[in-house]
Structure formats: structure tokens, C-alpha cells
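Novice: Take this sequence and fold it.
(chains A and B)
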Amino acid sequence: DQQVKQNSPSLSVQEGRISILNCDYTNSMFDYFLWYKKYPAEGPTFLISISSIKDKNEDGRFTVFLNKSAKHLSLHIVPSQPGDSAVYFCAAKIRGYQKVTFGTGTKLQVIP
Amino acid sequence: DAEITQSPRHKITETGRQVTLACHQTWNHNNMFWYRQDLGHGLRLIHYSYGVQDTNKGEVSDGYSVSRSNTEDLPLTLESAASSQTSVYFCASSEWTSGRDFTDTQYFGPGTRLTVL
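Specialist: Below is the predicted model of the structure:
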């Protein structure tokens, strides 16, 4: 049972445009959400996160939006750059617990 | 600088062999995790540990074991390797944080690509 779902395995975007990566979750107990970025032959690295008490969190070019009623979150990258080309994993957890549930990942390609 | 390392980076073994993947972190984190990454499944938790002598099963623990004898290391053992265990394995560590956000960000190692023939 996949509790965190990323339904788009891949996405291509032109450089300078907006990239929108989507994620859905089913477990209503999740109250903290994270995005990790992964380059080939490297481990995932933390990118940005959001608590369930917020609906938006911004960090430079990266913004995460949370819609709790729809159990949906999205990552916006504006403007997209070729160096953003990577696999992005959505993840969810319950605050106070260390276990994290990851989605299947979306491979983003930013075309120069 | 603190880091988390995995060895070997690549391993080829035969069905039925015992294999141990090493994970070493110098963050002095209490929490350590093992994941496997497979196409279509993302990262799935195998085992995790909240401290020395503590180990817990994750969602895909069958055929794997871990032991935690010190803070820095969490080796992952495949008791009798199977072709279904061909995968990329990632180790991660984190520490408990206090405060409103409880970020507990996990730091990942570079991964071990394991092939079971």
C-alpha cells in the first residue's frame, strides 16, 4: 500500500520556466512533509519541508504548497535551471517519529 | 566535516551467499536507517535503529538483518542473497531535534549498488 504517491515518473521543462512536481498521500496521520533531491550515483539530499500547520513554505527558487483537505502537496521551482535536473522524492512523516515514508520519485529534466 | 559513508560502492555476489554492507557516520547521530531504491517503488525502509543495541524492522525487512554495537555503524546483512535483493541500498542518519518543527532531517550516504546473480 503506497501511502505517498508521485504519479508522474518524469517531467520535462524548459530552462527559465516553472517546474511543478506533485505528490499525494493517504495517511491522515502524516503532519510533516519533505522533498529530497537525488542526482545519479549520489544519495538523496534534503531540499525543503513543510509542517501541516502551514500551507506554503518558500526557500529561494523552491516553494512547497500543502493542501491538507486534498492530501496533496506540490513543489514549485521557479525559474528552473539545468542543474535542477534530478529525481525528486516526496516524503512524509509524523512529527516526533523518525520514520519517513517516501514516494516513488519524479525525474525532472530541465532543457537548456 | 561530518559525513556518512557506505562500502562497498558496488558489489556483485551469487545467490545464497551472505553479504554485509557497511554504513559509517561521523555525525554522532542516534538514528540510522537502511533503504533500498527500486524503479517504481522509490525508497523503501528495510531496518532502522534509534541507538546502540536498538534495531527495528521496516516495511521490507525479510531476508535482511542489522546490528548496532556503536553509534557510528549500522551494517546491513543479507543472510542468503536472492536475485530479488538486487537493488541500490542507501544508509541514512538523523538526530532528534526539539522545537516546533521537529525537522529530523535525514542525511544519506552515497549508496551501494548490489547485484545478485
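Novice: In chain B, which strand is the longest?
Specialist: Counting by DSSP state E, the longest strand found in chain B is strand B:42-51.
Novice: and it, is it in reach of chain A?
Specialist: Yes - counting by C-beta under 8 Å from any C-beta of the partner chain, chain A has neighbours in strand B:42-51: B:Gly42, B:Leu43, B:Arg44, B:Leu45, B:Tyr48, B:Tyr50. Where you see a C-beta, it was placed from the backbone N, CA and C, and this is true even at glycine.
Novice: gap between the nearest residue to the second one once chain neighbours are set aside and B:Ser84?
Specialist: The spatially closest residue to B:Leu43, leaving aside those adjacent along the chain, is A:Phe102, at 4.0 Å (C-beta to C-beta, 6 or more residues apart in numbering or on different chains). A:Phe102 sits 19 Å away from B:Ser84, going by C-beta to C-beta, to the nearest Å.
Novice: Looking at these two, which one has more neighbours?
Specialist: Using other C-beta atoms under 10 Å in any protein chain shown, the more surrounded residue of A:Phe102 and B:Ser84 is A:Phe102, with 24 against 10.
Novice: pretty sure the more buried one is touching A:Val87, no?
Specialist: No - A:Phe102 is beyond contact range of A:Val87, at 11.0 Å (criterion: C-beta atoms under 8 Å).
Novice: Report pLDDT for the residue nearest to B:Leu43.
Specialist: In this model, A:Phe102 is scored at 94, pLDDT.
Novice: Enumerate every residue touching it.
Specialist: A:Phe102 sits next to A:Val4, A:Tyr36, A:Phe89, A:Cys90, A:Ala91, B:Tyr35, B:Gly42, B:Leu43, B:Arg44 when contact means C-beta atoms under 8 Å, 6 or more residues apart in numbering or on different chains.
Novice: Show the contacting residues for the fifth one.
Specialist: The reference is to A:Ala91. Neighbours of A:Ala91 in contact, by C-beta under 8 Å, 6+ apart: A:Val4, A:Phe33, A:Leu34, A:Trp35, A:Tyr36, A:Val100, A:Thr101, A:Phe102, A:Gly103.
Novice: Tell me the secondary structure of A:Gly83, please.
Specialist: What DSSP: H, G, I helix; E, B strand; the rest coil gives for A:Gly83 is helix.
Novice: Not counting residues beside it along the chain, what's closest to it?
Specialist: A:Val110 (7.8 Å).
Novice: so what's that neighbour bridging to?
Specialist: Using DSSP bridges, the bridge partners assigned to A:Val110 are A:Val13.
Novice: quick one: buried residues of stretch A:86-97?
Specialist: Neighbour counts over stretch A:86-97 (16 or more other C-beta atoms under 10 Å in any protein chain shown) mark A:Ala86, A:Val87, A:Tyr88, A:Phe89, A:Cys90, A:Ala91, A:Ala92, A:Lys93, A:Ile94 as buried.
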